[in-house]
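K.L.:
Got a predicted structure here, sequence first:
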Amino acid sequence: MSNSCLNEHLAAHVAELFRSFSDTSRVRILSGIIEQEMNVSQLAGLVEISESAVSHHLRGLRQMGIVKARRDGKEVYYSVIDPHIVALFQQGVRHIQEK
């Protein structure tokens, strides 16, 4: 990447990506589905918030193109779409742990 300033369009998308990490529940949801795909009920138990709240966060993460859904019968399982997101997330965790 060069030293030049990002254009407004690209900067807006990068800011939107980082906003996805701006809520502790979303961060905890992501940490769960980075390890393995999970359904809403599993995530609600893991994160200790309501299924409704988990669904709300997952909807936003799907709209941002961060997670994907896979239907298996009546259940819907969520996972992270892109290995770049996993790497970015893990780098952020390592950064904080090393402080």
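P.N.:
Looks like it arrived, so ask away.
K.L.:
Same question for the helix ranked longest in the chain: list its buried residues.
P.N.:
Determined from DSSP state H, the single longest helix within the chain is helix 83-97. Buried residues in helix 83-97, counting neighbours by 16 or more other Cβ atoms under 10 Å, are found at I85, V86, L88, F89. For every residue, glycine as well, the C-beta is placed using N, CA and C.
K.L.:
Now for those: which two are most distant?
P.N.:
Of all pairs drawn from the buried residues of helix 83-97, the greatest distance, 7.4 Å, lies between V86 and L88 (Cβ to Cβ).
K.L.:
coming back round to it: and the longest helix of the chain, average pLDDT?
P.N.:
Computed over helix 83-97, the mean pLDDT rounds to 94.
K.L.:
Helix or strand: which one has the residue positioned nearest the centre of the chain?
P.N.:
Closest residue to the average C-alpha location of the chain: L30 at 4.3 Å, with Cα atoms, centre = their mean. Following DSSP states H and E, one finds L30 within helix 24-35.
K.L.:
so how far is that helix off the chain centroid?
P.N.:
On the basis of Cα atoms, centre = their mean, to the nearest Å, helix 24-35 sits 6 Å off its chain's mean C-alpha point.
K.L.:
Identify the residues contacting it?
P.N.:
Helix 24-35 has contacts (Cβ atoms under 8 Å, 6 or more residues apart in numbering) with 20-21, 38, 42-43, 46-47, 49, 53-54, 57-58, 60-61, 66-67, 78-80, 85-86, 89-90, 93.
K.L.:
Now which of those residues would you call buried?
P.N.:
Burial by neighbour count, 16+ other Cβ under 10 Å: within those this picks out 20, 38, 42-43, 46-47, 49, 54, 57-58, 61, 66-67, 78, 80, 85-86, 89.
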